[in-house]
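[1] build me a model:
(2 chains)
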Amino acid sequence: MTGAGPSEFRMPSLGADMESGTVAEWLVQPGDSIRKGDIIAVIDTDKALIEVESFHTGVVDSLLVSAGERVPVGTPLALVTTAPAPARPSTRERPPAPAGKEHPRPAPGAPEPAPAPPSPPVTSPIVRHLAEQRGLDLASVHGTGPAGRVIRADVERAQARAKASPLARKLARELGVDLARITGTGRTGAIRADDVRAAAVRQGKPREAAVRASARPAAPAAAERPAQERRGEAMRQAIAQAMARSKREIPHYYLATTVDMSAALAWLRQRNRDLPVPQRLLPAALLLKATALAAKEVPRLNGFWIDDAFVPGDAVHLGVAISLKGGGLITPALHAAAGRELGDLMAGLKDLVARSRAGRLRATEMTEATITVTNLGDLGVELVHGIVHPPQVALVGFGKILDRPWAVDGLLGVRPLVTVTLAADHRATDGFTGARFLAVVERLLNHPEEL
Amino acid sequence: MTEGTTTYREAMREAIREAMRRDERVFLMGEDVGAYGGCFAVSLGLLEEFGPERVRDTPLSEAAFVGAGIGAALGGMRPIVEIMTVNFSLLALDQILNNAATLLHMSGGQLNVPLVIRMTTGAGRQLAAQHSHSLEGWYAHIPGLRILAPATVEDARGMLWPALQDPDPVLIFEHGSLYNMSGVARPGPVDITGAALRRSGTDISLIGYGGTMGKALSAADALAGEGIEADVIDLRVLRPLDDATIMESVGRTHRVVIVDEGWRSGSLSAEIGARIVEQAFYQLDAPVARVCTAEVPIPYARHLEEAAIPQVSAIVAATREVLAS
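    The predicted structure follows:
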């Protein structure tokens, strides 16, 4: 292999509040050829499972951190021998869609990959990930999906049969330890009480950790409890940390304006009339697009405050606040929103919501938002006083669109109104800038044809 | 035998003597209890001391003399009926179950049966298949009876008097291998309602009674040499079972081996195991294990008999298995 020598693939920072991450799954093995942009690992950030792309093209030389290990941001995870161009396509490219996909085998003459089980069953990445996490041999799991495919529920069911003593189960519940992640020391692999206690000690007394959590990052809260619950709790801690940092460091100023949505909604109705239902737009698409264009027009609000200086964003990547069903909040980025057509933006939003709730977001989506939008109108909220998500410098809030009395040209009428708010970092901008931003939002919503 | 100690046999005899001295309603009857001094010599000398009215040899008819005992109890006496072995007691099972255990119910609470039946149980003495079984678990199945199994000299000495005070029938099972055991017996009654912790440990609960108690304690000694500390529970009362003591122990050790000289199927050990699962399931860190008698008639040949009944080595092995499982 001729190349520039091995490059390090490091634990990425998938959010300003991320200090460390867990390699949840390796999607490549030593010897695999990869291209820049290939998804090569799944990182658990406590907020979500994030698929991480390679920055290099080449061949995976070695994996330095094994799946399940938690390491600080910046820790080298793998060595990639970079090459000008791979002689063959990636053998491990995996689309984010969870549908089953045949494993392509490495091309003849490729470096010997680590031994793989013969004809691995057709499964989705999340199923493989779960199975690996739980030490299950997928070949031994009875599939109930289409064509006998092993689906997530099968893995969970199989896992439910894990041998553990009643006391171990009770202790695991009490200590918040995930039995699926414990290796039993009983003669037949049964998990016994001592195994649970040892796991609890390894994770540092989770009960106490939860109590102390306000002062600490989410990290010590444990690798060993039921994934969903653990993630929920860890996410709470991550949010707590980020928001506390925001309120501690960012001198916020708040502005609000009320926008008459008559023109926008009329335009939307007109447009939707000609579209099939799936392609129809919601008002949210207009609000997002208006925000994106306004941020482009007032770039001082679009970017980051880092090391006492403002760093403008390379484009407008809208961080969209998405509440998760299990509780918690995630703000993945709608990339380059200012330049996207409304329908595209709408589709992107739907995709983002779906993947956020499935816990399958991309690394870039987690890190690159340049300004955040939160829309609580659906819940009936009229006015949002946001908290800026560091290191961003602005957060735009939309309330519910309500029919209200409104004076227009000296006459009182009933108009659909929305209250748009801006919370911004006074270190980066002043109220004047913020006011200008809101004025642009209003102007755009009054001229929806510009969106 | 050292100063102050006595044998299980003598303790039992002393208990009978004391009861007969304290309460003239008390009398002893059974096969060979008088002139012969008892088949296991428990009542040796009592005929001479108390006379044939109160120490009565009976015909070889368990149904008759147990029924007579029930009648005497109903008539206001406090009979002690001795049955030679539990195997023979089956001839009196009708009297014990259908009358002694049931009359209080059938009479709407009017008729108590203050009867004490003593009998020998268990194997280990080469008495073959008609004298050696452990059927106390069967009696422990019957509502209306209190079942006692003294495993120590002290219990042999102290259980009879409170048993006689019980207004309802009490069966006392004396394991044949214990009669020559010596120990200290304080005079005076002992509790007949609960189990006793004979040894305290943290790693395993060994549950036994009567004839298996000594084996369980020996096993505990052997295990201690391996660093395994055993709780040893002497059930003492087979009916009603002292669940609280069992569950308390299981709550500390989380592992159980039940030692029962009865056959495994449908045994007392099965009942105890089921109760542990019912009441202390979430305390269990390993499957409940049992050491029981092989499901064969007790053999006569010594090596076969030894192989058939619970032994120290089997208890130790079962414990190791539980700790490893």
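
[2] up against chain A, what does the stretch 201-325 of chain B have?
    Residues of the stretch 201-325 of chain B that fall close to chain A, judged by Cβ under 8 Å from any Cβ of the partner chain: B:His254, B:Phe281, B:Tyr282, B:Gln283, B:Leu284, B:Asp285, B:Ala286, B:Ala324, B:Ser325. Just so you know, the C-beta spots here come from the backbone N, C-alpha and C atoms, and that holds for glycine as well.

[3] so which of those sit within strands?
    When these are checked against strands (DSSP state E), there are no matches.

[4] neighbours of A:Asp195, how many?
    23 (other Cβ atoms under 10 Å in any protein chain shown).

[5] please identify the helix or strand for it.
    Taking DSSP states H and E as the definition, A:Asp195 sits inside helix A:193-202.

[6] just the buried residues of that helix, please?
    A:Ala193, A:Asp194, A:Asp195, A:Val196, A:Ala199, A:Ala200 (16 or more other Cβ atoms under 10 Å in any protein chain shown).

[7] can you sort out which of these also neighbour chain B?
    A:Ala193, A:Asp194.

[8] ok, of the buried residues of helix A:193-202, which one's closest to chain B?
    A:Ala193 (4.5 Å; Cβ to the nearest Cβ).

[9] specify which member of the buried residues of helix A:193-202 is nearest to A:Ala67.
    For the buried residues of helix A:193-202, the closest approach to A:Ala67 (Cβ to Cβ) belongs to A:Ala199, at 17.2 Å.

[10] and for the longest helix along chain B, what are the contacting residues?
    Among the segments of chain B that qualify as a helix by DSSP state H, the longest is helix B:8-22. Here helix B:8-22 makes contact (Cβ atoms under 8 Å, 6 or more residues apart in numbering or on different chains) with B:6, B:26-28, B:40-46, B:49-50, B:54, B:78, B:80, B:118, B:150, B:152-154, B:156-161, B:164, B:174, B:178-183, B:185, B:187.

[11] got a ChimeraX select line for the buried ones in those?
    In ChimeraX, this line selects whichever of the contacts of helix B:8-22 come out buried by 16+ other Cβ under 10 Å:
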select /B:6,26,27,28,40,42,43,46,50,54,78,80,118,150,152,153,154,156,157,158,159,160,161,164,174,178,179,181,183,185
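
[12] rewinding a little: quick one: distance of the helix holding A:Asp195 to the chain centre.
    31 Å (Cα atoms, centre = their mean, to the nearest Å).

[13] report all helices and strands that that helix contacts.
    The contact analysis (3 or more Cβ pairs under 8 Å, 6 or more residues apart in numbering or on different chains; DSSP states H and E) places helix A:193-202 against helix A:166-175.

[14] ranges for the strands of the stretch 1-150 of chain A?
    A:6-10, A:20-26, A:33-34, A:39-44, A:49-53, A:58-63, A:70-72, A:76-82 (DSSP state E, counting those that start in this stretch).

[15] so for the last one, what gets flagged as buried?
    Within strand A:76-82, the residues scored as buried using 16+ other Cβ under 10 Å are A:Leu77, A:Ala78, A:Leu79, A:Val80, A:Thr81, A:Thr82.

[16] so A:Val155 sits in a strand?
    No: with DSSP: H, G, I helix; E, B strand; the rest coil as the criterion, A:Val155 is helix rather than part of a strand.

[17] and it, how far from A:Ala147?
    Distance, A:Val155 to A:Ala147, by Cβ to Cβ, to the nearest Å: 17 Å.

[18] more neighbours, those two?
    Comparing A:Val155 with A:Ala147 by other Cβ under 10 Å, the one with more neighbours is A:Val155, at 25 against 7.

[19] tell me which residues touch the more buried one, please.
    Taking Cβ under 8 Å, 6+ apart as the test, what A:Val155 contacts is A:Val127, A:Leu130, A:Ala131, A:Arg134, A:Leu136, A:Leu138, A:Val141.

[20] low-scoring pLDDT stretches of the stretch 201-325 of chain B, where are they?
    Applying pLDDT under 70 to the stretch 201-325 of chain B flags no residue at all.
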